[in-house]
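Asker: Just the structure for this:
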Amino acid sequence: MPDTELLSLQTDHLRILQQRYQQALEAEGYDALLISSGAAPLRYGDDQAWHFQGYGPFLHWTGLTGQEHSWLLIRPGERPVLWLYQPVDFWHATPELPGEPWQESMEIQASERTEAPALGDIGKKEGVGKLAVIGDPACLSGVGGDHNPPALLAALDETRVHKTRYEVACLARANSIALDGHRAAREAFLAGGSEFEVNLAYQRATGQREADAPYHSIIGINEHAGTLHYQYYGSDAPKPPRSLLIDAGVRFRGYCSDITRTTAGPSDPRFAALIHGLDQIQQRLCSMVAPGVEYIDIHRKAHQGIAALLSASDLVTGLDDEAMITEGVTRAFFPHGVGHLLGVQVHDVAGKPTPPPADAPFLRLTRTLEPGMVVTIEPGLYFIPSLLEPLLAGPVAKHLNQPLITELQGCGGIRIEDNVVVTDTGFRNLTRPDGA
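Answerer: I've put the predicted structure just below:
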């Protein structure tokens, strides 16, 4: 999509947000809303701050990640007012705001203050009326108005559930860039690279610093792929290289991609066959995405697919698929939920209006799918000793192929994840735009 079209969509996006926020404010009895961008706190006992990426509602409006100490005022029927923190500073560079059409939709002011702006001279002489203020409580000290009112926060979370065309375009671009990184990561692994070298290849291909990524990349080679959120990068390449699991995304104008791919080493055809089998399951799950579908049904269908794969690969014998599910066998191999909402946060808000069911305690999305939602679909199959050992010591042990499980534990596990939009009639896979 040309940038001119994207920028035009952003103007439409702001118009839609103005309508959604007006409805939320009126429903909760507020005349105005002040949003803090937030700021990175200093590490305890240190003069260094944590890396900062921004508060979700501020990003929803502006897409300006890394913009600390800034404020956005929203009032029904009025242009938003954006105060950008732009100090005169010879220690650090001040972020520059490139000229774009969306800025005509707002009144933008520069500020050298970290504190909230004075609102008495904004708009009507009597001030802004009943004010709500939202953001990190550490940044709201001394600011008037109601701080983080729960009912309003819940209503604002709802404004992020259904993505605008602009948001979908940004998510698609974030996927496109991340896919370049995933291809480079795979090539680095197959060339004998370490986890650290795979990470460098990913960053080089995406042109994104790791600190600016939407989350810390998960890069696990061999048994490390069996730790769901493996957080280290080994500098020594394991020999032989049996598997690579990389879960990594990109931010584009504040919006996140969240993609996982698994690659088998050249000497592990059985593991490669499992990857192929899970990929087929994952694509069938993606094809279930449509308006009116209960997301929990996709999760349960994933367990049915995992059961079939365990049987077809001889990892489990003598148990039918339903018994594997009811006896907890599939949960030992696939312990997490099948996905979540995606947006300016990787695990976007408002995904669980009701708690997850007992058979899916880690599921992050319990909604009925509706057009405009963007979800991840990420089934997995892992060989995690702490989860499999109770099965191997219990009554179902006779049905588990322990020698094969032991062999494959050195490969860690498999996860395959795509980002999928719910359309009016079905789905659009942002991660596989060509269907591959």
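Asker: can you pull out the helices in the chain?
Answerer: Taking DSSP state H to define them, one finds helices in the chain at 3-28, 56-62, 150-158, 165-190, 195-206, 269-288, 295-312, 321-326, 329-333, 385-392, 402-409.
Asker: Next, the angle from the third one to helix 3-28.
Answerer: Spelled out, that is helix 150-158. 150 degrees (axes from the mean of the first three to the mean of the last three C-alpha atoms, to 10 degrees).
Asker: Report all helices and strands that helix 150-158 contacts.
Answerer: helix 3-28, strand 131-134 (3 or more C-beta pairs under 8 Å, 6 or more residues apart in numbering; DSSP states H and E). Where you see a C-beta, it was placed from the backbone N, CA and C, and this is true even at glycine.
Asker: Of all the helices of the chain, which one is nearest V88?
Answerer: Closest approach to V88 among those (C-beta to C-beta): helix 56-62, 22.3 Å.
Asker: So what's the gap between the closest one and the chain middle?
Answerer: Remark: helix 56-62 is offset 15 Å from the chain centroid, using C-alpha atoms, centre = their mean, to the nearest Å.
Asker: now do stretch 104-123
Answerer: Centre-to-centre, stretch 104-123 and its host chain are 31 Å apart (C-alpha atoms, centre = their mean).
Asker: Quick check: buried residues in that stretch?
Answerer: For stretch 104-123, the neighbour count (16 or more other C-beta atoms under 10 Å) marks 105-106, 108, 111, 116-117, 119, 123 as buried.
Asker: Between those residues, which sits nearest R20?
Answerer: Closest approach to R20 among the buried residues of stretch 104-123 (C-beta to C-beta): S105, at 14.5 Å.
Asker: what's the closest non-adjacent residue to W71?
Answerer: W83 (4.6 Å; C-beta to C-beta, 6 or more residues apart in numbering).
Asker: what's near enough to touch that neighbour?
Answerer: By C-beta atoms under 8 Å, 6 or more residues apart in numbering, the residues touching W83 are 70-73, 109-111, 117.
Asker: One more pass at 6 Å, please.
Answerer: By C-beta atoms under 6 Å, 6 or more residues apart in numbering, the residues touching W83 are 70-71, 109, 111, 117.
Asker: Reformat those residues as CSV; add pLDDT.
Answerer: Output for the contacts of W83, formatted as CSV (pLDDT from 0 to 100):
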residue, pLDDT
S70, 96
W71, 97
Q109, 94
S111, 92
P117, 92
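Asker: before we move on, back to that, of all the helices of the chain, which lies closest to S37?
Answerer: Taking C-beta to C-beta, helix 56-62 is the member of the helices of the chain nearest to S37, at 4.4 Å.
Asker: List the buried residues of the closest one.
Answerer: 56-62.
Asker: where does the closest residue to P87 other than its chain neighbours land on pLDDT?
Answerer: The shortest distance from P87 to any non-neighbouring residue, by C-beta to C-beta, 6+ apart, is to E112 (4.8 Å). We note a pLDDT of 91 for E112 in this prediction.
Asker: Show me the contact partners of the lowest-mean-pLDDT helix or strand in the chain.
Answerer: Lowest by mean pLDDT, DSSP states H and E among the helices and strands of the chain is strand 107-111, with a mean of 93. Contact with strand 107-111 is made by 79, 81-86, as judged by C-beta under 6 Å, 6+ apart.
Asker: Closest to E417 out of the contacts of W83?
Answerer: Nearest member of these to E417, counting by C-beta to C-beta, is S70, at 32.5 Å.
Asker: Count the residues that sit near the closest one.
Answerer: The number of residues packed near S70 is 25, by other C-beta atoms under 10 Å.
Asker: The residue nearest to it when sequence neighbours are not counted and Q109: what is the separation?
Answerer: Spatial nearest neighbour of S70, excluding adjacent residues (C-beta to C-beta, 6+ apart): S37 at 4.1 Å. Using C-beta to C-beta, to the nearest Å, we find S37 at a distance of 14 Å from Q109.
Asker: Compare the contacts of strand 107-111 and tell me which is most surrounded.
Answerer: L82 (25 neighbours).
Asker: one step back: redo the contacts of strand 107-111 as TSV? Include distance to G45.
Answerer: Putting those into TSV (distance: C-beta to C-beta, whole Å) gives the following:
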residue	distance to G45
R79	44
V81	38
L82	35
W83	32
L84	31
Y85	26
Q86	30
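Asker: out of those residues, who's nearest G412?
Answerer: For the contacts of strand 107-111, the minimum distance to G412 (C-beta to C-beta) is 43.9 Å, reached by Y85.
Asker: any weak-confidence spans in the stretch 1-150 of the chain?
Answerer: 1-2, 120-127 (pLDDT under 70).
Asker: For the residue nearest to W71, give the beta-bridge partners.
Answerer: When bridges are called by DSSP bridges, W83 pairs up with W71, Q109.
Asker: residue contacts, the nearest residue in space to L363 that is not next to it in sequence?
Answerer: In this structure, L363 finds its nearest non-sequential neighbour in G337, 3.5 Å apart by C-beta to C-beta, 6+ apart. Contacts of G337 were listed using C-beta under 6 Å, 6+ apart, and they are 360, 362-364.
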